[in-house]
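Visitor: any chance you can model this:
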Amino acid sequence: MAPITIRILLGMAAISAISACGKASQERDAETSIQCDTAGLALPAGFCATVFADKIGHVRHIVAGEDGLIYANSAPDREDGTVPSGLAVLQDANGDGKAERIERPFARQVGGTGIAVFRGRVFLESGNRIISYPLDDAHHQPGGAEQVVVSELPTEGDHFSHSIAIAADGSLFVTSGSATNACQTENRKAGAPGQTPCAEKALRAGIWRFDATKTDQRFSTDGRFASGIRNAVGLTIDGSGRLFAMQHGRDQLHENWPALYSAKQGQELPAEELLLVKQGDDFGWPECYYDPGQRKRVLAPEYGGDGGKAVGPCAGRSEPVAAFPAHWAPNAIAVYEAAQFPSVYRGGMFIAFHGSWNRAPGPQQGFNVVFQPMRDGKPIGPHIVFADDFAGPDKASGKADYRPSGLAVAPDGALYISDDRQGRIWRITYRGSRTAALAGASPTARRPSPPVSKAAMLAPSGVDAEKIALGRRLYRGELAGASCTGCHGADGEGTPVGPSLVDAEWLWSKGETADIRRAIKDGIPKPKRFPSPMPPMGGVDLTPAQIDAIAAYLASVPKRATN
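Guide: Numbering: from 1, shown residues only. As a prediction, this is how the structure comes out:
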């Protein structure tokens, strides 16, 4: 063959190879940049979402079964008894990413948080018990007689939910959160010391192990697997049988100890923690908390801590595997071992953050789902925010549109995310390149703020504007160190430990300025509906003029009158 012919053939081959390579690259680019519906969420490129189900109660944890079934556990509504709770079974029968069939097979069930499927049975928390039902072999539907697996779970106090996870050998792990914030002699009271020893640790603040194949087991001091865990709502077991938990860090460092912690430190301490839990571990609560800046456990102020320097007995407590921003409230964790998402997700963990209330006077954070890359049970890089925009325009626990609460990975690799505020479940799928790199959520159009609906706004007139301005600064902790926002929210919308100040209903008076002034001055040692006592003057020294200013500001805040 002539040399020129060889050169022509080689050139044509090179052009063909370049063309093929370019075409493959374009296809990969096209896959990565696929535009699809995200159901109002911010997701990484190539990920799509559908609203799998909506308005089905306060959906807490979920688990994926066979035949496209999702089993969900809903918590009871403590104010509205008409909201359904307990086990719900959902199925996407036609493959469109939405549940056409939603059933509640058992009437009048208390419900709760934890749920799992194991050896042909569905297990769930229901009030103060763990119960189970058999699933039929043909359609995996629950039915038959209820069995009580564990009874007498503690439900009083600050943390009353119980998450569960079941290992391959039948070990049933059950969480029991603390009854208090920091085991003080008076819960959440400014300056109150910690109990020594902390009596509640006998039945709280840890993880217990039971046998999923047995019935009529009673919760007791026996069976404690690990301790010193303030409140682990997220619980999972990875493919190697390792038990992981996500701990809610303590609250109110600044509010209860303003001489030791600034408002900013109160917002950023302590970290939320990913724990690899082994039998006998003690993770330090209540004597210790984890400081992410120092990367170590330090002594809590209730036990002689000095604001983060002293370590004391905390040096011997178990450390977290990874740390996350303070007060994000991790409520679920799921290991991704499926093949649908890009390969960088294999072995990593999705974590659902319910959203904060204790970051005042700064903005609240969380209300998202993050992804933590993992290998062999250890982080291999920083976490990314995988899914966002659940909360909508107002990130506050009392105003957020949706709050992520549960996670489940289906056999086909889809990720399900549940919300316990409005009862929504999303289904997340992927259509891009399997070799795509890890990337955070892409920005999406924000939902507009909802209208004030039927609430009438009521506000007194003729109040001194200068006094109101001073009161607002005092309320937000900009002066005198009293951060009322830590318990009542940045705009008075209320938090889990303090009542709303914008509702027309007042718990202790008619809401007149003199009544408000008296409450600020004397405090509320025993609140009617909330766990946190209000110390006199918020735990700091206020002058009579400053008390007057705060009272004037609170009296001037527009009130919502419900119809």
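Visitor: from here on, just use CA atoms for contacts and neighbour counts.
Guide: Will do.
Visitor: quick check: which ranges of the stretch 1-150 of the chain have low pLDDT?
Guide: Scanning the stretch 1-150 of the chain for pLDDT under 70 picks out the ranges 1-35, 79-80.
Visitor: helices of that one, start to end?
Guide: 3-32 (DSSP state H, counting those that start in this stretch).
Visitor: how about the strands of it, start to end?
Guide: 47-53, 58-64, 69-75, 86-91, 101-103, 115-118, 121-126, 129-134, 147-151 (DSSP state E, counting those that start in this stretch).
Visitor: columns mean neighbour count and distance to residue 378 on top of the ones you listed, output as JSON lines?
Guide: JSON lines is the format used below for these (neighbours: other Cα atoms under 10 Å; distance: least, Cα to Cα, whole Å):
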{"stretch": "strand 47-53", "mean neighbour count": "21", "distance to residue 378": "26"}
{"stretch": "strand 58-64", "mean neighbour count": "28", "distance to residue 378": "24"}
{"stretch": "strand 69-75", "mean neighbour count": "27", "distance to residue 378": "29"}
{"stretch": "strand 86-91", "mean neighbour count": "23", "distance to residue 378": "34"}
{"stretch": "strand 101-103", "mean neighbour count": "14", "distance to residue 378": "38"}
{"stretch": "strand 115-118", "mean neighbour count": "22", "distance to residue 378": "24"}
{"stretch": "strand 121-126", "mean neighbour count": "26", "distance to residue 378": "29"}
{"stretch": "strand 129-134", "mean neighbour count": "24", "distance to residue 378": "31"}
{"stretch": "strand 147-151", "mean neighbour count": "19", "distance to residue 378": "32"}
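Visitor: residue contacts, the closest residue in space to residue 124 that isn't next to it in sequence?
Guide: Leaving aside its sequence neighbours, residue 124 sits nearest to residue 115 (Cα to Cα, 6 or more residues apart in numbering; 4.2 Å). Shown in contact with residue 115 (Cα atoms under 8 Å, 6 or more residues apart in numbering): 61-63, 71-73, 122-125, 163-165.
Visitor: what do you get if the cut-off is 7 Å, keeping everything else the same?
Guide: Residue 115 makes contact with 61-63, 73, 123-125, 164 under the criterion Cα atoms under 7 Å, 6 or more residues apart in numbering.
Visitor: look up how far residue 192 lies from it.
Guide: Separation of residue 115 from residue 192 (Cα to Cα, to the nearest Å) stands at 37 Å.
Visitor: next one: residue 106
Guide: Plainly put, residue 106 is 45 Å away from residue 192 if you go by Cα to Cα.
Visitor: all helices of the chain, in order?
Guide: Assigned by DSSP state H, the helices in the chain fall at 3-32, 253-256, 263-268, 465-475, 485-488, 513-522, 544-556.
Visitor: so how far is the fourth one off the chain centroid?
Guide: Distance, stretch centre to chain centre, for helix 465-475: 33 Å (Cα atoms, centre = their mean, to the nearest Å).
Visitor: which helices and strands does that helix pack with?
Guide: Helix 465-475 is packed against helix 544-556, with contacts defined by 3 or more Cα pairs under 7 Å, 6 or more residues apart in numbering; DSSP states H and E.
Visitor: show the average pLDDT along the helix it packs on.
Guide: Averaging pLDDT along helix 544-556 yields 85.
Visitor: and if you look at stretch 489-506?
Guide: 72.
Visitor: just to revisit the earlier point, give me the more crowded residue out of residue 106 and residue 192.
Guide: Set residue 106 next to residue 192 and count neighbours by other Cα atoms under 10 Å: residue 192 wins out with 18 against 13.
Visitor: ok, the residue lying closest to residue 88 once chain neighbours are set aside - contacts?
Guide: With sequence-adjacent residues excluded and distances taken as Cα to Cα, 6+ apart, residue 88 is closest to residue 104, at 4.6 Å. With contacts defined as Cα under 7 Å, 6+ apart, residue 104 is in contact with 87-89.
Visitor: in the stretch 401-550 of the chain, where is pLDDT below threshold?
Guide: For the stretch 401-550 of the chain (pLDDT under 70), the answer is 444-463, 480-483, 486, 490, 496, 504-511, 529, 531-532, 539-540.
Visitor: how about the strands in the stretch 351-500 of the chain?
Guide: So, for the stretch 351-500 of the chain - with DSSP E, counting those that start in this stretch - the strands run 368-372, 374-375, 378-379, 384-387, 404-409, 415-419, 425-430, 456-458.
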